[in-house]
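J.: structure of the sequence below:
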Amino acid sequence: MTTPGSPGGSPLRIGGFALIGVGIVAGVIGLATTALGNGNGADGGTNAAAPTSATAPAEPGPGATPTDGSVPLPSFGPTGNIGAPPTTEPGAGGAGAAGGAGGTGGTGSGAAAGGGVVSPDTLKAPVRVYNNSTIGGLAERARTDFESAGWNVTEARNYSDGIIPTSTVYYRPGTAEQGAADALARQFGMRSEPRFSGIEDATPGIIVIVTKDYQQR
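T.: A predicted model of the protein is given here:
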């Protein structure tokens, strides 16, 4: 027979132990839930997609065609084109124009019209004639005059790239063209001068530009 108040048979003590056990289990469950929640958050951060880096366009390789419309410009050597000459006054420099009958020559080394003898070697110099006037066929007329005097005329055409103040024979300085140009200028009463910048790179030879003042001498 159990005596009242014995520890082994108290229902209250048994109920208390049960409540303590339930509390412990609840605490463990709560801690486990918290730990799982933190783990999912970390995984979510890890699974975030890394930003995609922009890829720079590739540079065109050697020989590739530019895409901006630019192309390399070719280079050219001297051409035979004739440019506009500087404006000069008649009789300034070079062999002066010859004077008319009873007159005197202009400044420079001009001689009387038709004076002197032109050597055969000088006459071989190639001559190109250009018309710088509004008189049709003037270059062809000068060509006929020069050829009749024995000169070697290779071309006759118009010249409209500038205004020449007076009929002039042009030569390349430091070459044999100068003596031939002076002789031609004296023979036909024209001026003789070095080539100006617009024609200095033209094809070798004597260049004659006739204007409305051209007259056969």
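
J.: mind checking what helix or strand follows the lowest-mean-pLDDT helix or strand in the chain in sequence?
T.: When the helices and strands of the chain are compared on mean pLDDT, DSSP states H and E, helix 11-46 comes out lowest with a mean of 67. Beyond helix 11-46 on the C-terminal side, the first helix or strand identified by DSSP states H and E is helix 120-123.

J.: elements contacting that next one?
T.: helix 177-188 (3 or more CB pairs under 8 Å, 6 or more residues apart in numbering; DSSP states H and E). Backbone N, C-alpha and C define where each C-beta goes, glycine included.

J.: N132 reaches T211, doesn't it?
T.: Yes: counting by CB atoms under 8 Å, T211 is a contact partner of N132 at 5.1 Å.

J.: counting neighbours, what do you get for A202?
T.: 18 (other CB atoms under 10 Å).

J.: could you do E140 as well?
T.: 14.

J.: check contacts around it.
T.: A156 (CB atoms under 8 Å, 6 or more residues apart in numbering).

J.: give me every residue that touches K124.
T.: Neighbours of K124 in contact, by CB under 8 Å, 6+ apart: N152.

J.: can you rerun that using 10 Å?
T.: By CB atoms under 10 Å, 6 or more residues apart in numbering, the contact list for K124 reads 150-152, 176, 180.

J.: show me what counts as buried in stretch 175-187.
T.: 177-187 (16 or more other CB atoms under 10 Å).

J.: quick one: which of the residues you listed is nearest G23?
T.: Lowest distance from G23 to these (CB to CB) belongs to E177, with 124.4 Å.

J.: tell me the bridge partners for the closest residue to that closest one other than its chain neighbours.
T.: Spatial nearest neighbour of E177, excluding adjacent residues (CB to CB, 6 or more residues apart in numbering): Y171 at 3.8 Å. Residues in a beta bridge with Y171, per DSSP bridges, are P194.

J.: would you quantify the distance from Y171 to A180?
T.: Plainly put, Y171 is 7 Å away from A180 if you go by CB to CB, to the nearest Å.

J.: overlap in contacts, those two.
T.: Common contacts of Y171 and A180, defined by CB under 10 Å, 6+ apart, comprise 125, 192, 205-206.

J.: farthest pair in the residues you listed?
T.: S192 and G205 (14.3 Å).

J.: so if I had to pick from the two, which one is more boxed in?
T.: Here S192 and G205 are compared on neighbour count by other CB under 10 Å; more neighbours surround S192, at 28 against 18.

J.: confirm that one sits in a strand?
T.: Yes: counting by DSSP: H, G, I helix; E, B strand; the rest coil, S192 is part of a strand.

J.: still on that earlier bit, redo the contacts of K124 as TSV? Include distance to G136.
T.: Output for the contacts of K124, formatted as TSV (distance: CB to CB, whole Å):
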residue	distance to G136
G150	26
W151	22
N152	24
A176	33
A180	28
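
J.: closest to V118 among those?
T.: G150 (7.1 Å).

J.: and the closest residue to K212 other than its chain neighbours, how close does it get to G23?
T.: Leaving aside its chain neighbours, K212 sits nearest to S133 (4.2 Å; criterion: CB to CB, 6+ apart). To G23, S133 is 126 Å away according to CB to CB.

J.: sounds good, over and out.
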